[in-house]
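S.K.: What would the 3D arrangement of this be:
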Amino acid sequence: MHDFAIRPIQPEDDTAMAAVIRAVMPEFGATGSGFAINDPEVDWMSRAYAQPRHAYFVLERGGHVLGGAGVAPLAGGDAGTCELRKMYFLPEARGLGAGAAMMARCLDAARDLGFARCYLETLTGMDAAMRLYERSGFKRICGPQGATGHGGCDVFYSLEL
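M.R.: Numbering: from 1, shown residues only. The predicted structure follows:
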C-alpha cells in the first residue's frame, strides 16, 4: 500500500503544480524557450486539461501536491496519438513507486480516451525518467513527432497502447 494518492487535478491544485514544474525543470537544465517552465499552461493546468481527450493527475502525499502527469492529443499528430505531458515530481516523491503508478494511471486514461499510441519527449540526463519509460514499454524513436514546441527536448519515445 502506498502512502500517496493519485487523483485528477482540481483548480485548487494549479498553484502547487506550477510550483512543482518550476522547481523541477531547472534541476535538469530545462530552462529557456522550448521548455514547459515558460509554457503559460503551467499556471492553469486544471483548465488546460479539462478539454476533450485530455487528462491530468496530481500526486498527493500528506495533503501536499508533490508531482503530476497527464495525457493530451499530440499537437500536429494524428488523432490516434496522445502525448504524455508534464510528468514532474519533487525530490521527496521520488523512489516511492509514484512514477510507475502515475505512468499506469496516465496510460489507462489514454486508452480510455481512445488513443492507440502514446508519444513523449524528454532530455538527456533524465535517466531515472527514461528507465521508467522503458520499463513501461516505451521504445526510443529517432526523432520528434507532431508540433509540441518542446525545442529543447532531445530524446523521443513511443508506445503502442
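S.K.: which intervals of the protein have sub-threshold pLDDT?
M.R.: 1, 26-39, 151 (pLDDT under 70).
S.K.: can you rerun that using 90?
M.R.: Along the chain, segments meeting pLDDT under 90 span 1-3, 21-43, 88, 94-96, 123-129, 147-153.
S.K.: Tell me which stretches of it form helices.
M.R.: 14-27, 45-48, 98-112, 127-135 (DSSP state H).
S.K.: pretty sure Leu96 contacts His2?
M.R.: Yes. Between Leu96 and His2 there is a contact under Cβ atoms under 8 Å: 6.8 Å. (Each C-beta comes from the backbone N, C-alpha and C, glycine too.)
S.K.: out of the two, which sits in the busier spot?
M.R.: Leu96 (16 against 11; other Cβ atoms under 10 Å).
S.K.: so what's the more buried one closest to, chain neighbours aside?
M.R.: Computed as Cβ to Cβ, 6 or more residues apart in numbering, the closest residue to Leu96 that is not its neighbour in sequence is Phe4, at 6.3 Å.
S.K.: ok, so what distance separates the one you found from Phe89?
M.R.: The gap separating Phe4 from Phe89 is 10 Å, by Cβ to Cβ, to the nearest Å.
S.K.: likewise Thr124?
M.R.: Per Cβ to Cβ, Thr124 is found 19 Å from Phe89.
S.K.: who has more neighbours, the two?
M.R.: Phe89 (21 against 11).
S.K.: residue contacts, the more buried one?
M.R.: Neighbouring residues of Phe89 by Cβ atoms under 8 Å, 6 or more residues apart in numbering: 20, 24, 59, 66-67, 98-99, 102.
S.K.: can you do 6 Å?
M.R.: Gly67 (Cβ atoms under 6 Å, 6 or more residues apart in numbering).
S.K.: ok, what's across the strand from it?
M.R.: Gly67 (DSSP bridges).
S.K.: Val65 versus that one, what's the distance?
M.R.: In terms of Cβ to Cβ, Phe89 sits 10 Å off from Val65.
S.K.: Fine by me, we can end here.
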